[in-house]
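Colleague: Fold the following for me, if possible:
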Amino acid sequence: MSSFKVLLLDGIDPAGIELIQQTGSITALVHDKISRQKLLESISEIDGLVVRSASG
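Modeller: The predicted structure is shown next:
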């Protein structure tokens, strides 16, 4: 079974990362900070994107 690659950005809580990894079907690619250029280069190679909103 192949796994989905999901990019987790902007300080996703470690508990959330652990939940995602426990699925066994998702490869979590974790980055606290990523440049716009790196994001644009990576986007075609991932299946999903999770971004933490700092609004509140």
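Colleague: tell me the contacts of the closest residue to residue 6 other than its chain neighbours?
Modeller: If the residues on either side of it in the chain are set aside, residue 6 comes closest to residue 48, at 4.1 Å by C-beta to C-beta, 6 or more residues apart in numbering. For every residue, glycine as well, the C-beta is placed using N, CA and C. Counting by C-beta atoms under 8 Å, 6 or more residues apart in numbering, residue 48 touches 4-7, 26.
Colleague: and those, which of them are in strands?
Modeller: Cross-referencing the contacts of residue 48 against strands under DSSP state E gives 4-7, 26.
Colleague: Give me the buried positions along the host helix or strand of residue 28.
Modeller: When elements are assigned from DSSP states H and E, residue 28 belongs to strand 26-31. Residues of strand 26-31 classed as buried: 26, 28-29 (neighbour count, 16 or more other C-beta atoms under 10 Å).
Colleague: Using CSV, lay out these together with pLDDT.
Modeller: Formatted as CSV, the buried residues of strand 26-31 follow (pLDDT from 0 to 100):
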residue, pLDDT
26, 94
28, 93
29, 93
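Colleague: Same list, these, but as CSV with distance to residue 40 please.
Modeller: Below are those laid out as CSV (distance: C-beta to C-beta, whole Å):
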residue, distance to residue 40
26, 22
28, 20
29, 15
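Colleague: Bridged to residue 7, which residues?
Modeller: Beta-bridge pairing of residue 7 under DSSP bridges involves residue 29, residue 49.
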